[in-house]
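Trainee: how does the following fold in three dimensions:
(4 chains)
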Amino acid sequence: MTIHGLLSIIAGLLLAPLLQGIVNRTKAVFAGRRGAPLLQQYRDIARLLRKGAVFSGTTTWIFRLAPSITLACVLVALVVLAPAPVEQGWGFAGDALLLAYALGLARFLTVAAALDTGSSFEGMGASREVFYSALAEPALLVGIAVLARVSGGTSLASILQGAGVAGWVSAGTALALVGVSFFVVLLAENSRVPFDDPNTHLELTMVHEVMVLDSSGPDFALVTYGASLKLWVFSVLFASLAVSPLGLSGFALLGALTAAVLFTGVIVGTVESTMARSSLARAPLLLAGACALSILAFILASRFLS
Amino acid sequence: MAQAWILIPAILILPALLAVAGMLSRSARAALGICAAGTVATGALMAALAALVPHGGAVTVPGGWLRVDSLSALHLVVMAIVFCLGALQAPGYFRHGIADGSFDRRTARRYAGLWFGSLAAMAAVLLSNNLGLMWVGIEATTLLTAFLICVTTTPGSLEAMWKYLLMCSVGVALAFTGTLLVAASAGRTGIHGTEALLWTSLAASARGLDVQLVKAGFVFIVIGYGTKAGLAPMHNWLPDAHSQAPAPVSAVFSGFLLNAALYCILRCLPVAEAATGDAGWARGILVAAGLVSILTAAAFVVVQRDLKRLLAYSSLEHIGIVTLGAGIGGVGAFAAMYHMVLHSIAKSTAFTGAGRLIEIFGGNDMKRIRGSLSAAPLWGTCLLVSLLALVGTAPFGLFFSEFMMLRAAFGAGSYAVGAAFLAGLSIVFIGVLRHAIPMAWAPGEKPANPHAPGIVEWLIVALPLAAILLSGLWMPSFVREAFAAAASVTGVLP
Amino acid sequence: MTAMLDTVLVALILSNFVLLGSSRLSSCIRTAALQGIMAGLLPLATAGAGLSLRIVALGLAVVALKGFVFPHLLNRALRESATSREVQPFVGYTPSLLAGLLALAASFWLDGRLALPTHSASSILVPVSFSLMFTGIFLLVARRTAVNQVLGYIVLENGIYAFSLAVVRDIPFLVELGVLMDMFVAVFVMGIAIYRINSEFDHIDSDRLSTLKG
Amino acid sequence: MIPALLALSILTFAASAPVLAMLRRNPRAASRLGPATAVAGCIPGIVAAILTLAGAGPASATASWSVPSGGLSIGMDALSALFAIPVLIVSALAAIYSRGYLRHAESEGRSTAPFWAWYDLLAGGMLLVTVARNALLFLLGWEVMALASFLLVMFDAHDPRVRRAGWIYLVATHIGTACILGLFAILGHAGSLEFDRLALPAAFPAGIAFVLAFVGFGTKAGFVPLHVWLPEAHPAAPSGVSAVMSGVMIKTGIYGLLRFLMILGTPPAWWGWVLLAAGVTSGVVGVLSALAQHDLKRLLAYHSVENIGIIAIGLGLGLLGISLGIPAMAFLGFAGGLLHVVNHAVFKSLLFMGAGSVLERTGTRDIDHLGGLSKRMPATSLCFMTGSMAICGLPPFNGFLSELLIYLAAFAGLSATAARVPAGSTAGLLATGGLALIGGLALACFTKAFGTVFLGEPRTPHAAGAREVDASMRTPMIILAAACLCIGLAGPAAAPVIGPVVDSVLAGFGCTVSTGTAHDALGALSAASVASAAILLLAASVFAARSAILRNRRTSTAPTWGCGFASPAPSMQYTASSFADPIVGLFGAIVRRRRRFEEPAGLFPASTEFSTDTPDVYQEKLYKPVFSAFERAFSGFRVIQHGRLNLYVLYIAAALFALLLWKL
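Mentor: As a prediction, this is how the structure comes out:
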């Protein structure tokens, strides 16, 4: 592994909570507030790590184990994805699937932990979580399939790097559509507006936050950090597609990528501020739309390339 | 064994003597005992005769009117088995009738007389080389068995008997016309008088027969004997007679009476084929008749409510299958022989079980027969296993014979025939098991204390079923040769 | 000889029409008996020079059976059943006559079609025998009472008997005897059956014997 | 050597079945001898299969069989071995499991002797199917397998649902067999039925043979819409048998399909498309139907449909790879499909055993009546969770590896020769999208099943009173769960096993792949296993760190946070039906949920009821109408047997005239 790859992983590990801060700050700006400090998330995590924990009497070992495994999964996802745009020959054929399925494992455990509490609210959140992700997964993987079609690669590195300038020249529209689709997936997977409103405190309307109602102390710190990392991972996927037409390499690419990831936070914040949370019934429509976009992108790409 | 022919008249005379003995027996029980012992003895003679028939040759009585070749030898064996199974189950079946007086001495004497009478008549069919004599035998069977249907008189059995009598008489009359036509066709070949009805001489000079006459004759024969064999659409008497007759008689009806009539058609088949230039003219008729029978049976099996009628339609199906196989020829004819033997054994066994279950549960209606496996394990298992065998589940032999037939059909390029055959089999499978499953397993009212089966009854269930099972797994070479030789009598494919 | 034979054959056809058009069962039985006697005489007419004792004996046996024994049996069955008429046949009498005509036409057509190498005694022997067969079958199908159906069967048998005279020069005696025996037993059995049906059901309408179906 | 071992195995099964059947009066002996013979029968076969895969090469032996055109030809090649191993291992484990499972029935005084007799026949039949080299012998094994499994399904036949299930199973299996009979009759036209002599008649359209094979074997495998028997029969059988049927028996359909497609020769592209489409349809319909169920075993049965779909996607890609000339896609597609065969056998039998344990201890299969079992049945719960994650294809378990290979096949179609073969990329997209949707829905379904059954609080007294199952039931589950993990981590070792199998399949289709490039693709398996191990290690370290932190902290126990509600009750938990409701609602066109709801009436409604059930759409909308139409038609046909003698005679006359007119 070269220094670029290593740095990209370290950047993710360190800056992920910052990305959350940027989102929140953007929203505050839109609302005309000063908002929480950019580094608030770091403080939250540190505070949680110092606390003790309260466990529900209903829960079992699954509830205690889940946050750790979830974090491990997201970490592996980060390690697989983060160096891919900057490092030649990183990963292996089909590592995109590892990304998707490691996050799937994380989701399984989060949901199991939520159900372990026996709370009806957490059960509801879990139900929505799996509902959204079941629809997000095809959108994501079909999007990756389009990139594979355009780039001719099978590993994330070859896919993301191969989409580059040549790819944008020949099938730019398709790649743009995939970008949109990825962004929708990002919003859904990270429980952002319009799929979920992370700020609300009405349990009935929440998805991700409601699933972790019973988590506390260090476990909750792991959950929080894991959520930030997950947002980072998806932002990298989106951002790497966005910076690929620039044709950069080396540190320039790394810098541009990091900047783009952080800017993604701004976009997310903007979206959250300008859109309302959509009703439950409309959310699947959006995800289906993302799938449709990916498939359209595929058709376009096929036409452009042949 | 040059003197083997002596057995032939013995087989005809012994039952006649036994019939007299039966009619003079002192009690109902004794009459049934004579039936059982006498049938086994006659059966042993038949089996011995069949064993003595040289491979591919024949045993002929001087004068040439009586003759046994591979085809009739095979039928003789089947007949012996079926009659033995029927006779051995009779004492148990009529036990109640004897007890309550409905099967009194007079009835039993009549039963024994008719039983041996039909045995002799059917043996005559198989043993005769003379088409006229064969016809006489079939007609005699009709008349004798008609009374067996209504041994114990009920309105239903009378009605069934009347229908059977009239339809089969008409059919057999047509068959006689056919026989005459075939005999007439020999006019040009110089075969005269007595010779013209001998199967051997007709077969020997088949190519010289008058084609038009042979064709007409064969059509009459197929329709005529086909009525008796229960081929659709002349089968209508069959379910009535089967459902009304006592179980041992039904067993013989389904197990052999139909085969005997079909045997007559198979006898004429090679003559007709050879006379028409081996172009499949006659085989086409059999294929059509077989298919129509299979499909008709399939339709009726699905919506049947009466257990014995269900078995009767299954017989219609199987007789259709044998006809189809013979019509296809070659491997199909081999499979037809294989199938015929297995079907006869399985169907007799099925009737044995069905008869007892009907008695135990008090009615033919399949809705009344429930949970037979637990209520009467032997008879329940007997019926279930024989039904499974009859619908062609592996590893029972009928599965393999049906598969061979399918292969023969496809091998001959008749894909449509094969497909229709397969469809018919599948419908029957579904139709039969749809009834068999609840009869075997569904919980229902436990019948009052069924009589514990004796050792003979265990044997007449276990032995045939074991034989059918084994037949799918193992076929000794002599059996194989017997089938092959019998099939070759019905002619080979061009 | 041929003229006499033809006369007999025409009489046979006429007897068919009588059977088809008559509703009184007793007259039907009488007609059938007459027909049986004529059929029994046929071999004497066709044999020509080859008339032998055997043929005479056979003819006489047929005459005795069909002309006297059967009618007697059937008459007895009729008396006991207290039925005297075929009240409502499936096919009315006028249509029956038409059908008889049609059957006759069909017989001649079939004869032409088959071109059987037949006996030279008469050119209409084969078609007449066909017409007898058809008439017999028609009676079986179109009549309601069991007695009439047995008559139909007898007519069918007459036809076959006539046909056998036409096509086969000499059937072996034993076979002929067997056929005759069977014929006799068949009708005998049917008579017994009618008797038992009558005592069981109080009627001999065979169409009412239709409880077994499906 | 290898044929001798196989023969020993088959003979053990065949010989012990009648002996066991005769032990009806001696249940104690039967319940000991039954599992012992089953395991003893499996062992030589397993040895033979392992030897074959370990490089002993294909071996076969022939003995003459007296049944015409039959031959006692058995043989073991890589493909057979790959199917025989799961068949035998799962059979052995399920036998041990059933020993404990049946104790309940024994205590009720029921004899298990017939059960064990049929069980041995089932195992023997399945083995025979995988090793037969003669079509007649194959059919024998096939039918014995079908009949034995039918009789096993009927074990609880006093239940009307079981009888119905058995009946549907029998009908379906017979229709399948009919097609296979047709296929064999066509292929065996030349006389011999030995596999190496089977061939299509000249000028016979291969497409018809393909359709026969597809329907015949697909019925056993359970492709939609031929799957209707599966969700009926698998839940109805005793759980050990469900494990065998769902885990391995349906795979014989896949085996047969592959084996006979190889005989049919080079596949045209549309065969691949048919398989691919069937796979995607089966996968999606299967998983959606599973989501809508609240009978645990029925849910698992529908997942078998789903997984068969995934296998079919793999095989479809493989066939397309051959016909479109994309060797990498062919290689990876077959590799993924075949590996998934093994993997599904492991986790599906595990899951059925878990469900069986739950059923045995609680007496109910209704998910919504359960809950909180992870405290009461910890080992079962852990095993079931492992199986759940494996079936969702999640790392570090085995399901991930096989799904990864199928995805790779799709990617190979998408990228390798993208510009030249648009069909390949379309197939790739279809497979990717389908698999992704299936994967997401499967996750939803298994979080639902696992969560509702094992987590939270018990919803009924049945669940509250449950205890852990005994060792004979636990051990097989633990072994299978360990296998899920071990295979998942054994990526580097999997490649040399699966590679030769796929090579032999491709060779069977007359397609050769340069082994280097193709086998390189299997390198992804190693990487995936490494990543899986990394997840495990990372998780362990994180958990250790977290535990270390917590060690010095105060932890306390409190009731679950009820958002301020003071007295939560177990019945207020989210139910499985509610959990799945949004998805089921969204896909209402594919799964029709029926609701029964009594409106509360009056001012003080006494009681009311609400229930849902989800019948199989294909059964309701396709088979039932067709079958009843047939029945009506046949009923109408009964008219010809109206009881009128006159007309019967007319039939004779009419038949005579018809024949005279036709033939003269």
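Trainee: which residues of chain A fall in helices?
Mentor: Taking DSSP state H as the criterion, chain A contains helices spanning A:3-31, A:40-50, A:61-81, A:95-116, A:120-151, A:156-162, A:165-189, A:208-211, A:217-243, A:250-274, A:283-305.
Trainee: which residue, other than its chain neighbours, is closest to whatever residue of chain D ends up closest to chain B?
Mentor: When you check chain D against chain B by Cβ to the nearest Cβ, the closest residue turns out to be D:Glu143, at 3.1 Å. Where you see a C-beta, it was placed from the backbone N, CA and C, and this is true even at glycine. Nearest residue to D:Glu143 in three dimensions, chain neighbours excluded: B:Ala394, at 3.1 Å (Cβ to Cβ, 6 or more residues apart in numbering or on different chains).
Trainee: surely the one you found is within a strand?
Mentor: No. Secondary structure of B:Ala394 (DSSP: H, G, I helix; E, B strand; the rest coil): coil, not part of a strand.
Trainee: wait, doesn't it sit right on B:Phe400?
Mentor: Yes. Counting by Cβ atoms under 8 Å, B:Ala394 does reach B:Phe400; the two are 7.3 Å apart.
Trainee: C:Leu110 against C:Ser131, yeah?
Mentor: No. Taking Cβ under 8 Å as the definition, C:Leu110 is not a contact partner of C:Ser131, at 9.7 Å.
Trainee: picking up where we left off before, now the common contact residues for B:Ala394 and B:Phe400.
Mentor: Taking Cβ atoms under 8 Å, 6 or more residues apart in numbering or on different chains as the contact criterion, the residues that touch both B:Ala394 and B:Phe400 are B:Gly472.
Trainee: are the lengthiest helix in chain C and chain B in contact anywhere?
Mentor: Ranked by number of residues, the top helix in chain C under DSSP H is helix C:173-201. Yes. Counting by Cβ under 8 Å from any Cβ of the partner chain, chain B has neighbours in helix C:173-201: C:174-175, C:178-179, C:181-182, C:185-186, C:189-190, C:193, C:196-197, C:200-201.
Trainee: list the buried residues of that helix.
Mentor: Within helix C:173-201, the residues that qualify as buried are C:175-176, C:178-180, C:182-184, C:186-187, C:189-191, C:193-198, C:200, counting by 16 or more other Cβ atoms under 10 Å in any protein chain shown.
Trainee: is stretch D:637-647 up against chain B anywhere?
Mentor: Yes. Contact between stretch D:637-647 and chain B, assessed by Cβ under 8 Å from any Cβ, occurs at D:637-638, D:640-641, D:645.
Trainee: just give me the least confident of the residues of helix C:173-201 next to chain B.
Mentor: For the residues of helix C:173-201 next to chain B, the least confidently modelled position is C:Leu174, at 64, judged by pLDDT.
Trainee: out of the residues of stretch D:637-647 next to chain B, grab the one that's most surrounded.
Mentor: Among these, the one with the most neighbours (other Cβ atoms under 10 Å in any protein chain shown) is D:Leu645, at 24 neighbours.
Trainee: that residue and B:Leu166 touch, don't they?
Mentor: Yes. D:Leu645 is in contact with B:Leu166 according to Cβ under 8 Å; the separation is 6.1 Å.
Trainee: centre of the chain to the longest helix of chain C, how far?
Mentor: Taking Cα atoms, centre = their mean, to the nearest Å, one finds helix C:173-201 lying 14 Å from the centre of the chain it belongs to.
Trainee: kindly report the same for stretch D:305-314.
Mentor: Here the centre of mass of C-alpha atoms in stretch D:305-314, compared against the chain's by Cα atoms, centre = their mean, lies 10 Å away.
Trainee: just to revisit the earlier point, need the residues touching each of D:Leu645 and B:Leu166.
Mentor: Shared contacts of D:Leu645 and B:Leu166, counting by Cβ under 8 Å, 6+ apart, come down to C:149, C:206.
Trainee: per-residue pLDDT, C:Val155?
Mentor: For C:Val155, the predicted pLDDT is 91.
Trainee: does it really touch C:Leu19, like I thought?
Mentor: Yes. C:Val155 is in contact with C:Leu19 according to Cβ under 8 Å; the separation is 6.7 Å.
Trainee: if I look at these two, which residues touch both of them?
Mentor: Here C:Val155 and C:Leu19 have C:32, C:35, C:135, C:139 as joint contacts, going by Cβ under 8 Å, 6+ apart.
Trainee: neighbours of the second one, how many?
Mentor: Right, C:Gln35. 27.
Trainee: now D:Arg593
Mentor: The number of residues near D:Arg593, taken as other Cβ under 10 Å, comes to 15.
Trainee: cool, and D:Ala157?
Mentor: A count of nearby residues for D:Ala157, using other Cβ under 10 Å, gives 22.
Trainee: and it, how far from chain C?
Mentor: Computed with Cβ to the nearest Cβ, to the nearest Å, the distance linking D:Ala157 and chain C is 28 Å.
Trainee: that residue: what's it in contact with?
Mentor: With Cβ under 8 Å, 6+ apart, D:Ala157 has these contacts: B:440-442, D:163, D:166.
Trainee: in chain C, what residue lies closest to chain A?
Mentor: For chain C, the residue positioned closest to chain A under Cβ to the nearest Cβ is C:Gly214, at a distance of 53.4 Å.
Trainee: what's the burial count for that residue?
Mentor: By the other Cβ under 10 Å criterion, the neighbourhood of C:Gly214 contains 16 residues.
Trainee: just for chain B, where's the confidence low?
Mentor: Across chain B, residues meeting the criterion (pLDDT under 70) sit at B:1-2, B:192-193, B:449-450, B:492-494.
Trainee: show me it divided up by domain.
Mentor: Chain B resolves into domains spanning B:1-129, B:153-279, B:294-494 when parsed by automatic domain parsing.
Trainee: the lowest-mean-pLDDT helix or strand in chain C and chain D in contact?
Mentor: Lowest on mean pLDDT, DSSP states H and E among the helices and strands of chain C sits helix C:173-201, with a mean of 74. No. Under the criterion of Cβ under 8 Å from any Cβ, chain D is not reached by helix C:173-201; the shortest gap measures 11.7 Å.
Trainee: nearest residue to the residue sitting nearest the centre point of chain C other than its sequence neighbours?
Mentor: Relative to the mean C-alpha position of chain C, the nearest C-alpha, by Cα atoms, centre = their mean, is the one of C:Val155, at 1.3 Å. Closest residue to C:Val155 apart from its sequence neighbours, by Cβ to Cβ, 6+ apart: C:Gly136 at 3.6 Å.
Trainee: now for A:Trp90: which residues touch it?
Mentor: Contact criterion Cβ under 8 Å, 6+ apart gives A:1, A:5, A:83-84, A:155-157 as the residues in contact with A:Trp90.
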